[in-house]
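Visitor: when you get a sec, could you give me coordinates for this:
(one chain, ligands or ions: 1)
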Amino acid sequence: MAERYWQKEIETASREQIKAIQDERLVKTVKHVYENVEMYRKRMDEAGVSPDDIKGAEDLHKLPFTTKQDLRDYYPYGLFAVPQKDVVRLHASSGTTGKQIVVGYTKHDLEVWDDIAARQLYAVGADENDFIHVAYGYGLFTGGFGLHGGAGRIGATAIPVSSGNTDRQITILQDFGSTVLCCTPSYAMYIAEQIKEKGIDPKSLSLKAGIFGAEPWTEEMRRQIEEMLDIKAYDVYGLTEIMGPCVSYECSEQTGMHVNEDHFIVETIDPDTGEVLPYGTPGELVFTCISKECCPFIRYRTRDIGVLSIEPCSCGRTFVKMTKPKGRTDDMLIIRGVNVFPSQIETVLLRMGYSPNYKIFVDRVNNTDTLLVQVEMTEDMFSDTVTKIKEHEKAIKAELRSLLGIGADVQLVAPGSIERSMGKAKRVEDKRKLIGG
Ligand code: DLL
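Guide: The predicted model follows:
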């Protein structure tokens with residue numbers, strides 16, 4: 001299939017052209033926030049930087065960072081850079097901890113959002129002939145409206161199912177002829193399991209692609225979903241603070257997501273020192289909005305860890321690519337001094353043939369951290385003897401020890417017994433935090 005682009009000129013522009021656009025838009029945005037947002041004016045004055053010092057992207061490092069705490073401190077509208085009469089939409093996110101944050105969009109901001117979602121849809125091979133089944137939540141969460149806007153932009157038929165009610169999702173997939181499924185990867189997996197359980201042949205559906213994001217997932221999980229639903233599964237990344245879904249989008253190569261660099265400048269930094277890192281080095285992703293009117297956050301620290309690459313991509317797009325974020329600095333578990341990402345545990349489990357239905361419990365007993373991984377047995381193990389099950393548990397333990405470098409307890413539980421998620425999965429329970437440790 002020939003590669004198709006929604007906005008070919010910019011998606012395949014030369015690096016020089018992209019840099020020129022970024023320079024011009026950054027200069028304009030910095031002036032905009034300096035003039036209209038008290039926090040930016042104060043921060044820049046304190047740092048001794050004036051808008052005139054910012055001549056292009058190479059000056060970005062002079063600007064102070066913005067964090068989620070800033071959004072909380074200026075809650076709800078203190079960081080809006082336009083008058084309320086120009087704000088046409090609000091979205092919000094509560095995150096896993098703390099007070100929710102609020103962002104606003106002007107008409108222009110929503111148009112940009114529709115365009116970047118349209119780029120994602122074209123990149124997975126969709127066009128006006130497709131039925132876009134949106135099973136991300138609609139509401140203050142950005143997932144539903146984000147992909148919905150993109151579907152409208154390309155003239156496809158949007159099916160705004162929202163999340164939940166899995167039986168109904170499946171009926172709609174069957175009856176309405178959905179061709180592209182959009183939801184979290186954990187929900188896609190659950191839908192796939194239910195389809196299997198009902199004895200429905202995935203080939204009897206019209207689905208051809210999935211756009212899955214909003215939470216970390218592994219390559220192993222991608223393969224399972226692709227196989228179970230008989231589709232191509234693409235990753236999509238974004239966050240409320242920067243826009244919502246489609247800040248970066250995956251293409252036919254399926255090796256990471258192109259950042260929409262005409263709207264966002266991406267950097268990776270050392271999370272401890274704030275120092276900018278070269279491409280190819282894992283670091284915290286930091287985004288600067290350069291075309292937004294209402295909430296153009298400057299050097300927003302995402303806490304997501306990724307790697308950027310500027311290697312040529314077979315799809316022809318020239319935007320920088322980011323790897324799947326392997327986790328968040330604040331999701332990283334430090335267990336007995338060792339850094340552990342839930343995604344590493346997922347990789348081991350899926351490689352060994354288990355499903356991504358697992359739960360990680362961390363606790364502290366007698367001043368020592370404990371790690372327990374619960375995972376569902378496969379259907380064929382269910383009738384195994386206790387001894388046999390113990391052997392399977394031992395095998396997982398050994399694999400985890402070799403990958404993580406620390407010991408973990410493993411418990412195989414009955415198929416279907418771990419709670420399923422219709423949105424973002426919550427797989428970690430760190431009891432140490434509950435007791436303030
Ligand atoms: O999750 C926006 C979104 C909706 C993205 C639908 C993709 C699809 P928030 O609720 O603000 O926004 O959460 C943002 O989710 O900082 C990451 O930690 C995580 N995240 C988002 N996409 C991915 C992904 C939406 N593809 C936070 N892989 C981000 C890993 C992701 N983590």
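
Visitor: pLDDT weak spots in the stretch 201-350 of the chain?
Guide: Within the stretch 201-350 of the chain, not a single segment meets pLDDT under 70.

Visitor: just the helices in it please.
Guide: Ranges of helices in the stretch 201-350 of the chain, per DSSP state H, counting those that start in this stretch, are 219-229, 342-351.

Visitor: wait, which of these is closest to the ligand?
Guide: helix 342-351 (8.8 Å; CB to the nearest ligand atom). C-betas here are computed from N, CA, C, even on glycine.

Visitor: ok, then the element right after the closest one?
Guide: strand 358-365 (DSSP states H and E).

Visitor: who's in contact with that next one?
Guide: For strand 358-365, contacts defined as CB atoms under 8 Å, 6 or more residues apart in numbering pick out 333, 335, 342, 345-346, 349, 369-376, 418, 427-432, 435, 437.

Visitor: the residue nearest to Lys321 when sequence neighbours are not counted: what's it in contact with?
Guide: Once flanking residues are discounted, Lys321 sits nearest to Gly256: 4.2 Å by CB to CB, 6 or more residues apart in numbering. Gly256 is in contact with 235, 250, 309, 321-324, counting by CB under 8 Å, 6+ apart.

Visitor: distance of Gly256 from Thr184?
Guide: 19 Å (CB to CB, to the nearest Å).

Visitor: what residues does stretch 39-55 touch?
Guide: 23, 26-27, 30-31, 33-35, 59-60, 62-64, 70, 74, 78-79, 298.

Visitor: repeat that with 6 Å
Guide: For stretch 39-55, contacts defined as CB atoms under 6 Å, 6 or more residues apart in numbering pick out 27, 30-31, 33-34, 62, 64.

Visitor: near the ligand, from those?
Guide: Filtering the contacts of stretch 39-55 for proximity to the ligand by CB under 6 Å from any ligand atom leaves nothing.

Visitor: of the residues you listed, which belong to helices?
Guide: 27, 30-31, 33-34 (DSSP state H).

Visitor: list the contacts for Gly150?
Guide: 114, 117-118, 121.

Visitor: which two among those are spaced furthest apart?
Guide: The distance between the two most remote of the contacts of Gly150 (CB to CB) is 10.3 Å, for Asp114 and Leu121.

Visitor: who has more neighbours out of those two?
Guide: The neighbour count for Asp114 versus Leu121, taken as other CB atoms under 10 Å, is higher for Leu121 (27 against 20).

Visitor: are any of the contacts of strand 358-365 buried, and if so which?
Guide: The neighbour-count test (16 or more other CB atoms under 10 Å) marks 333, 335, 342, 345-346, 349, 369-371, 373-376, 418, 427-428, 430 as buried among those.

Visitor: the ligand contacts on the stretch 151-300 of the chain?
Guide: Close to the ligand, as judged by CB under 6 Å from any ligand atom, the stretch 151-300 of the chain has residues 213-216, 235-240, 244-245.

Visitor: adding neighbour count, write those out as JSON lines.
Guide: Formatted as JSON lines, these follow (neighbours: other CB atoms under 10 Å):
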{"residue": "Gly213", "neighbour count": "29"}
{"residue": "Ala214", "neighbour count": "26"}
{"residue": "Glu215", "neighbour count": "16"}
{"residue": "Pro216", "neighbour count": "24"}
{"residue": "Asp235", "neighbour count": "25"}
{"residue": "Val236", "neighbour count": "25"}
{"residue": "Tyr237", "neighbour count": "26"}
{"residue": "Gly238", "neighbour count": "26"}
{"residue": "Leu239", "neighbour count": "21"}
{"residue": "Thr240", "neighbour count": "24"}
{"residue": "Gly244", "neighbour count": "26"}
{"residue": "Pro245", "neighbour count": "29"}
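
Visitor: and the residue nearest to Gly405 when sequence neighbours are not counted, how many neighbours?
Guide: In space, and not counting its chain neighbours, Gly405 is closest to Val338: 5.6 Å by CB to CB, 6+ apart. Using other CB under 10 Å, Val338 has 12 other residues around it.

Visitor: for Val338, give its distance to Ala408.
Guide: Relative to Ala408, and taking CB to CB, Val338 is found at 11 Å.

Visitor: ok so Leu181 is a strand residue?
Guide: Yes - assigned with DSSP: H, G, I helix; E, B strand; the rest coil, Leu181 falls within a strand.

Visitor: hey, what's it bridged with?
Guide: On the basis of DSSP bridges, Leu181 is bridged to His133, Gly210.

Visitor: now do the contacts for it.
Guide: By CB under 6 Å, 6+ apart, the neighbours of Leu181 are 133, 207, 210.

Visitor: let's see that with 10 Å instead.
Guide: 131-135, 159, 161, 169, 173, 187-188, 191-192, 205, 207-212, 225, 229, 231, 233 (CB atoms under 10 Å, 6 or more residues apart in numbering).

Visitor: next one: Ala398
Guide: Counting by CB under 10 Å, 6+ apart, Ala398 has contacts 348, 407, 410.

Visitor: same check on Ile200?
Guide: 170, 173-174, 194.

Visitor: which one of the ones in helices among the contacts of stretch 39-55 is nearest Arg153?
Guide: Distances from Arg153 to the ones in helices among the contacts of stretch 39-55, taken by CB to CB, are shortest for Val33, at 27.2 Å.

Visitor: any idea how far the closest one lies from the ligand?
Guide: 21 Å (CB to the nearest ligand atom, to the nearest Å).

Visitor: that residue contacts Pro64, doesn't it?
Guide: No - using CB atoms under 10 Å, Val33 is not in contact with Pro64, being 11.2 Å away.

Visitor: so between the two, which is more surrounded?
Guide: When neighbours are counted by other CB under 10 Å, Val33 comes out ahead of the other of Val33 and Pro64, with 25 against 17.

Visitor: number of nearby residues for Val348?
Guide: Neighbour number of Val348 under other CB under 10 Å is 23.

Visitor: what's the answer for Glu275, then?
Guide: 10.

Visitor: that one: what's it in contact with?
Guide: Applying CB under 10 Å, 6+ apart, the residues near Glu275 are 61, 269, 283.

Visitor: quick check: it vs the ligand, distance?
Guide: Glu275 is 21 Å from the ligand, by CB to the nearest ligand atom.
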